[in-house]
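**Q** sequence first, then the predicted structure:
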Amino acid sequence: MTSSQLRARIAAMHAEASAIGVELAAQASGMEADELFEINGELQGARNAVEGAQLVALAHAASHELRLTDRGPVEVRHGVGFVDAMAPSLASLEAGIGEWTAGRLVSLAAKVSERFPRLLGRVVAGELTTATITKVVSVCEGLDLEACAKVEAVLIERLAGLDPARVTSVTRKVASRIAADQMREATTKNRRDRYVEVCPGPDGTTVWSAQLPAGTSAAIWDAVKNHGETLAKDDPNLSTDQARADALVDLVLTNVTVSAKVTIGIPVITGDDGEQAKAAALSAATEPGPRGDHDSIGCPIPAPCTQPVGVGGMGLGPQFSILAALNGCEVPGIGFIDADTIEALLAVVPTDIGRALLDARTGTLIESVSNAYRPPRSMSDFVATRDGTCRMWGCSRPAMACDIDHARPWPAGRTTPTNLGGLCRRHHRLKQRRRWFYQLDPDGTVTWTSPKGKRRVTYPEHAHWPPPEPAPAPAAVSTPAFADSPPF
């Protein structure tokens with residue numbers, strides 16, 4: 001197909017999309033909301049395909065290098081992955097977009113074309129968004145082509161249906177098992193790239209931005225929030241944002257004593273009777289040789305050691321090491337903290353590290369039940385740690401700032417971690433509208449279902465990935481009755 005024929009087809013597609021928009025504008029007022037949302041979803045697929053084609057074009061365009069020589073300009077064609085220095089400027093001029101935006105698109109196009117060609121094919125097919133593959137590329141920035149191909153092989157069939165809020169953490173889990181050394185080197189490099197900068201804000205203000213190690217950020221942010229709460233109590237006229245801004249100034253310029261708390265999830269292997277948990281990695285870290293099971297991509301899962309670990313972290317013993325227990329953890333709203341940083345953080349900052357022991361395969365805790373409607377604090381803390389974020393598909397609000405919701409309405413549904421999920425206030429209210437409802441499985445998996453049967457699945461923050469094979473389908477369950485459920 002010639003360039004002229006391609007342009008003619010693009011012009012026809014452009015005209016058709018415009019015509020659809022005009023017709024929708026004329027008819028939308030008489031259509032049902034559900035119907036319009038479905039149309040929007042179908043249009044998103046078309047948009048994905050267009051953006052995929054755009055990435056293909058940019059990747060190949062950027063691979064043409066124009067060198068200035070004594071004999072005049074000479075064009076050198078490289079393979080995809082190479083980016084000519086002038087490519088962002090040329091893309092900006094042709095597309096009529098800012099050069100910074102064009103540069104990010106060109107960079108993404110080059111990286112995904114070279115490192116994840118199969119995922120790019122899914123974008124071209126309309127199944128994935130550029131936002132999703134951007135997250136994959138970002139996590140795998142420090143991996144070589146061989147490791148990227150292995151990560152792609154694990155993700156290719158699962159990424160389209162994955163909760164967007166989990167793409168980064170899931171990709172990191174997969175990449176850490178495939179290329180742990182490369183991921184560790186990339187983390188070290190990222191910490192070296194830390195910075196703080198300022199620029200003018202609205203008159204009378206300045207905008208600060210910073211890139212800091214995630215472990216330090218977690219401690220700083222918790223300290224800012226805690227001191228901000230104190231300032232807000234002293235001055236009720238302060239908004240939350242104002243109190244936190246004043247708290248940051250206090251912490252930087254005055255001698256204020258603060259403490260911070262970070263809760264991390266420690267994967268463990270649970271016993272068959274569900275009454276004890278055992279540390280999963282201590283013996284594997286100190287004894288060489290093959291041990292334990294293998295997960296679904298062939299990576300070893302350490303066998304449990306003989307040191308029993310009680311619920312809530314009791315019984316870990318003085319020899320317990322965070323470095324032996326996990327590669328790192330994700331703190332919602334803050335970022336990924338590697339194990340080295342966690343260990344160092346304990347030594348230099350007065351930080352209270354709360355431990356929540358989770359099944360390494362499923363992310364669940366030993367069964368515990370309360371007869372009350374409102375769960376006890378320890379149960380709420382566990383649910384928030386297990387979930388990480390709001391359990392609505394696509395929401396990244398930290399679970400610690402969410403409501404605790406009964407998946408099956410209380411009192412028919414018990415107050416137990418297997419029936420409790422974190423929902424931010426917006427999505428808690430969305431659930432109460434009875435248009436989408438969710439089912440919480442014992443392993444922490446949440447399945448949202450629309451009135452027309454469309455499904456979206458989210459996994460707990462600390463779930464083993466790829467997730468275990470699903471259990472045999474249970475008997476048909478009727479749609480939960482929401483009418484008798486309390487508001488929260």
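**A** In hand now; what should we look at?

**Q** where does this protein dip in pLDDT?
**A** 255-373, 462-488 (pLDDT under 70).

**Q** for the residue lying farthest from the centre of the chain, give me its contacts.
**A** In the chain, the residue that sits farthest from the middle, by Cα atoms, centre = their mean, is Arg71; the gap is 51.3 Å. Neighbouring residues of Arg71 by Cβ atoms under 8 Å, 6 or more residues apart in numbering: there are none. (C-beta placed from N, C-alpha, C; glycine too.)

**Q** and what of the one 3 residues further on?
**A** Contacts were defined as Cβ under 8 Å, 6+ apart; by that measure Val74 touches Leu66, Arg67, Leu68.

**Q** host element of it?
**A** strand 72-77 (DSSP states H and E).

**Q** next secondary structure after that strand?
**A** Counting by DSSP H and E, what follows strand 72-77 is helix 87-95.

**Q** render the CA-only coordinates of that following helix in PDB, please.
**A** What follows is helix 87-95, C-alpha atoms only, in PDB (Å, rounded to 0.1, in the frame of the first residue of the first chain):
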ATOM      1  CA  ALA A  87      12.500  13.400  16.100                       C
ATOM      2  CA  PRO A  88      10.600  15.100  19.000                       C
ATOM      3  CA  SER A  89      10.700  18.400  17.300                       C
ATOM      4  CA  LEU A  90       9.500  17.000  13.900                       C
ATOM      5  CA  ALA A  91       6.700  15.100  15.600                       C
ATOM      6  CA  SER A  92       5.700  18.200  17.500                       C
ATOM      7  CA  LEU A  93       5.500  20.300  14.300                       C
ATOM      8  CA  GLU A  94       3.600  17.700  12.300                       C
ATOM      9  CA  ALA A  95       1.100  16.800  15.000                       C
END
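
**Q** so what touches that helix?
**A** Outside of helix 87-95, the residues within contact range by Cβ under 8 Å, 6+ apart are Leu58, Ala61, Ala62, Ile97, Gly98, Glu99, Thr101, Ala102, Gly103, Leu105, Val106.

**Q** and the closest residue to the third one other than its chain neighbours, how many residues sit next to it?
**A** Beyond its immediate neighbours in the sequence, the residue positioned closest to Ala62 (Cβ to Cβ, 6 or more residues apart in numbering) is Ala87, lying 3.9 Å away. As a burial measure, Ala87 scores 25 neighbours (other Cβ atoms under 10 Å).

**Q** please apply the same query to Asp405.
**A** Asp405 has 24 nearby residues by other Cβ under 10 Å.

**Q** part of a helix, is it?
**A** No - if the criterion is DSSP: H, G, I helix; E, B strand; the rest coil, then Asp405 is strand and not within a helix.

**Q** that one touches Arg429, doesn't it?
**A** No - counting by Cβ atoms under 8 Å, Asp405 does not reach Arg429; the two are 10.6 Å apart.

**Q** ramachandran angles for the residue farthest from the centre of the chain?
**A** phi -90, psi 0 (degrees, to the nearest 10).

**Q** do the same with Gly204
**A** With angles defined as degrees, to the nearest 10, Gly204 sits at phi 90, psi 0.

**Q** neighbours of it, how many?
**A** 6.

**Q** which one's the longest helix in the chain?
**A** Counting residues, the longest helix found in the chain (DSSP state H) is helix 33-62.

**Q** show me what that one is packed up against.
**A** When contacts are defined as 3 or more Cβ pairs under 8 Å, 6 or more residues apart in numbering; DSSP states H and E, helix 33-62 sits against helix 3-27, helix 87-95, helix 99-115, helix 117-124, helix 130-139.

**Q** and it with helix 87-95, angle?
**A** 130 degrees (axes from the mean of the first three to the mean of the last three Cα atoms, to 10 degrees).
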